[in-house]
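J.: return atomic coordinates for the entry below.
(4 chains)
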2 protein chains.
Amino acid sequence: MTTSPVVLGLSAVIVAVTADTPRVLVVGDPPGVPTGRLDPEADRTLERSLRRWVREQTGIDLGYVEQLYTLGDRGRGALSDERLVSVAYLALVRERSPSDEAPARWGDLYDFLPWEDFREGRPSVIPEHVVPALDHWVATGTDGVERAARRERADIMFGQGGATWDGERALERYELLWEAGFVPESGRAPEGGEVHGEPMTLDHRRIVAQALGRVRGKLRYRPVVFELLPETFTLSQLQRVAEALSGVRLHTQNFRRLVDRGGLVEGTGEYDTSTGGRPAELYRFRREVLRERPAPGVGLPGLRTSG
Amino acid sequence: MTTSPVVLGLSAVIVAVTADTPRVLVVGDPPGVPTGRLDPEADRTLERSLRRWVREQTGIDLGYVEQLYTLGDRGRGALSDERLVSVAYLALVRERSPSDEAPARWGDLYDFLPWEDFREGRPSVIPEHVVPALDHWVATGTDGVERAARRERADIMFGQGGATWDGERALERYELLWEAGFVPESGRAPEGGEVHGEPMTLDHRRIVAQALGRVRGKLRYRPVVFELLPETFTLSQLQRVAEALSGVRLHTQNFRRLVDRGGLVEGTGEYDTSTGGRPAELYRFRREVLRERPAPGVGLPGLRTSG
DNA sequence: ACACCTTCTACTCAATCTGAGCATTAGCCA
DNA sequence: TGGCTAATGCTCAGATTGAGTAGAAGGTGT
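T.: Numbering: from 1, shown residues only, chains lettered A, B, ... in the order given. Coordinates of the predicted model:
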């Protein structure tokens, strides 16, 4: 009896923001995030391996990279006689085109997860399709206890029934929708036969959801936005990137107060006159803030430890 | 030429808190965290595999489990003809003894990472040994630029030179000490030949440091403390657990205000008279808070988005 | 040149939260 | 009963947050 060999895959959720749109690099059809395999002989570390084959596959040199999660459920992957365990990474880059011959392209992140974008208010897919599907899922619980638990979970995840919507829980929302049979990746036909949000191959949409949740969390307490911005930028640009990722609109004046008086950025004295209104001062990231504050991030609302 | 096979290891940092002491379950000598291997045939998911062999090895049924990190650098592990990739997990349990025949025991987490415990003020190991070692490391930078960068990093990590100490950066601190040759696990003889903090096998102390950082972060915005407490508890008990993990002392009155008025706990009307002073009311975790607040956690100081 | 539009930027203000301290309560023990 | 200890209640100033008003500085079209 031979045991099935373990194969180590590496996946990269490569995120950029163009103007108002958060983007993720995808390959193939149905789309998936770029994927490679660890060469146990050649690659000294997992992250090096990742950077190497992302460069080879897409021509992109990754900057900021962090590990997201390791997926190892049986039955993932194509071949059945091997056990595919994948380490997923999150990478943030300033957008640029993948090299022409590369089969990679930028997709709109919210095309895959349309229920995550609250910038224009609650996205219509929620009341129109998510909520009915969840109601059905709740109703099909085996007993009252399970139905109550399902109701609570659904409410919390989508900010129903008095609960507040929490952008960082993107993964939990996706997993809930999976369980509720709302996403075709689950193998069950979606409620009503309609598909909402573009599916991805295998469990890749789950990974993207997790990446989104992670970025949103990080935004608060680490200056990761600047990985997505040029050296200098206007406060509007900064705000739009923060909004694109967090999925909510921010109060402009307060946002600027927070990043400016919070020491996160400093003015350069130069101006961008192409704003369409009053010229905007160009700012740059203030590295010293790392020394001054334990958890510097852009000011996002909704983190109250009490009340 | 045969490629070296990938072997998937699973490690568990199992944390409990007894009275004032955060504990971690260790095995062997030098101590390490419990470790198993994925059976690609038998184990359906990584987490199931983990729970199974932890139960087998230690008799402990894990409750709260979350994935920490996946380590895959070449040269880890004992055998050289295989590539060991390990997925590390964090588990929180209410303390109980490992089954007698099991070779596992509870160790004091701060015995391994003594520079992380600020409850009695800055631990003496920092001024006496860490700072001199880091000063030496800074001084041995190749040029002025590198020395300045090292100085800044050292200052930020240990709250020197105007920087504020951030408990959540336990991993970064450990990595810094590794680079500085302060920990024997790095393979270099520690500065001065003295060893501070009990070493662990392989890279296990690194994993424990990461686990500590993760718990400290989670404490803020998820009600994980309750995984470590009995069903009902006094607010002092709650505070002591929070302090043990966060590594800092908290202002009692403010702490109680935050958890109580923040809706995290509710009184039971019963009292514990064994306090040595005025009897303390027994509280329980208020599950409803999950619905009411997006990020419920115990009130820890020091998270300021500005200023 | 002028009104007008747009966006950026500067302030204000009330509500709330935070950090710190003082004071009181309620068992236990000699 | 007085003194000890730990729990609990309350106050207060300073900082932060959320929301809004208003002015500044460009462009555009007549």
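J.: I'd assumed A:Pro22 was in a helix, is it?
T.: No: counting by DSSP: H, G, I helix; E, B strand; the rest coil, A:Pro22 is not part of a helix but strand.
J.: neighbours of it, how many?
T.: Using other Cβ atoms under 10 Å in any protein chain shown, the number of residues around A:Pro22 comes to 25. Heads up, the C-betas are built off the backbone N, CA and C, glycines and all.
J.: show me the contacts for it.
T.: Counting by Cβ atoms under 8 Å, 6 or more residues apart in numbering or on different chains, A:Pro22 touches A:15-16, A:108-110, A:212, A:244-245.
J.: which residues of the stretch 201-307 of chain A score low on pLDDT?
T.: Where the stretch 201-307 of chain A drops to pLDDT under 70, the residues are A:302-307.
J.: ignore what I typed, I meant the stretch 51-200 of chain A.
T.: Looking at the stretch 51-200 of chain A by pLDDT under 70, you get A:78-79, A:97-101.
J.: who are the contact partners of the residue lying closest to A:Arg119 once chain neighbours are set aside?
T.: Nearest residue to A:Arg119 in three dimensions, chain neighbours excluded: A:Arg249, at 5.4 Å (Cβ to Cβ, 6 or more residues apart in numbering or on different chains). Residues in contact with A:Arg249, defined by Cβ under 8 Å, 6+ apart, are A:118-119, A:243.
J.: and the residue of the stretch 1-150 of chain A found nearest DNA strand D, how close does it get to B:Ala19?
T.: Nearest residue of the stretch 1-150 of chain A to DNA strand D: A:Phe118, at 13.7 Å (Cβ to the nearest atom of the strand). A:Phe118 is 44 Å from B:Ala19, where distance means Cβ to Cβ, to the nearest Å.
J.: what distance do you get for A:Ala139 to B:Asp260?
T.: A:Ala139 sits 37 Å away from B:Asp260, going by Cβ to Cβ.
J.: A:Ala154 now?
T.: 29 Å.
J.: which one's more surrounded, these two?
T.: A:Ala154 (23 against 16).
J.: if we can go back for a sec, ramachandran angles for the residue nearest to A:Arg119?
T.: Main-chain dihedrals, A:Arg249, degrees, to the nearest 10: phi -80, psi 150.
J.: now the closest residue to DNA strand C within the stretch 51-200 of chain A, nearest residue through space, not along the chain?
T.: Relative to DNA strand C, the nearest point of the stretch 51-200 of chain A is A:Thr164 (12.7 Å; Cβ to the nearest atom of the strand). Using Cβ to Cβ, 6+ apart and skipping residues adjacent in sequence, the residue nearest A:Thr164 is B:Pro294, 5.0 Å away.
J.: give me the number of residues near that neighbour?
T.: By the measure other Cβ under 10 Å, the count of residues near B:Pro294 is 18.
J.: from A:Pro30, how far out is it?
T.: Separation of B:Pro294 from A:Pro30 (Cβ to Cβ): 32 Å.
J.: what of A:Ala12?
T.: Distance, A:Ala12 to A:Pro30, using Cβ to Cβ: 17 Å.
J.: and the two? which has more neighbours close in?
T.: Applying other Cβ under 10 Å to A:Ala12 and A:Pro30 shows that A:Ala12 carries more neighbours, namely 28 against 14.
J.: packing partners for the strand or helix carrying that one?
T.: Secondary structure from DSSP states H and E places A:Ala12 in strand A:6-18. Using 3 or more Cβ pairs under 8 Å, 6 or more residues apart in numbering or on different chains; DSSP states H and E as the contact test, the elements touching strand A:6-18 are strand A:21-27, strand A:35-37, helix A:46-58, strand A:83-92, helix A:204-221, helix A:235-246, strand B:6-18.
J.: switch the cut-off to 6 Å
T.: With contacts taken as 3 or more Cβ pairs under 6 Å, 6 or more residues apart in numbering or on different chains; DSSP states H and E, strand A:6-18 sits against strand A:21-27, strand A:35-37, helix A:46-58, strand A:83-92, helix A:204-221, strand B:6-18.
J.: please dump the ones you listed into JSON lines; it should also carry distance to B:Pro223 for every row.
T.: Listed next are the helices and strands packed on strand A:6-18 as JSON lines, based on distance: least, Cβ to Cβ, whole Å:
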{"stretch": "strand A:21-27", "distance to B:Pro223": "30"}
{"stretch": "strand A:35-37", "distance to B:Pro223": "36"}
{"stretch": "helix A:46-58", "distance to B:Pro223": "32"}
{"stretch": "strand A:83-92", "distance to B:Pro223": "26"}
{"stretch": "helix A:204-221", "distance to B:Pro223": "16"}
{"stretch": "strand B:6-18", "distance to B:Pro223": "15"}
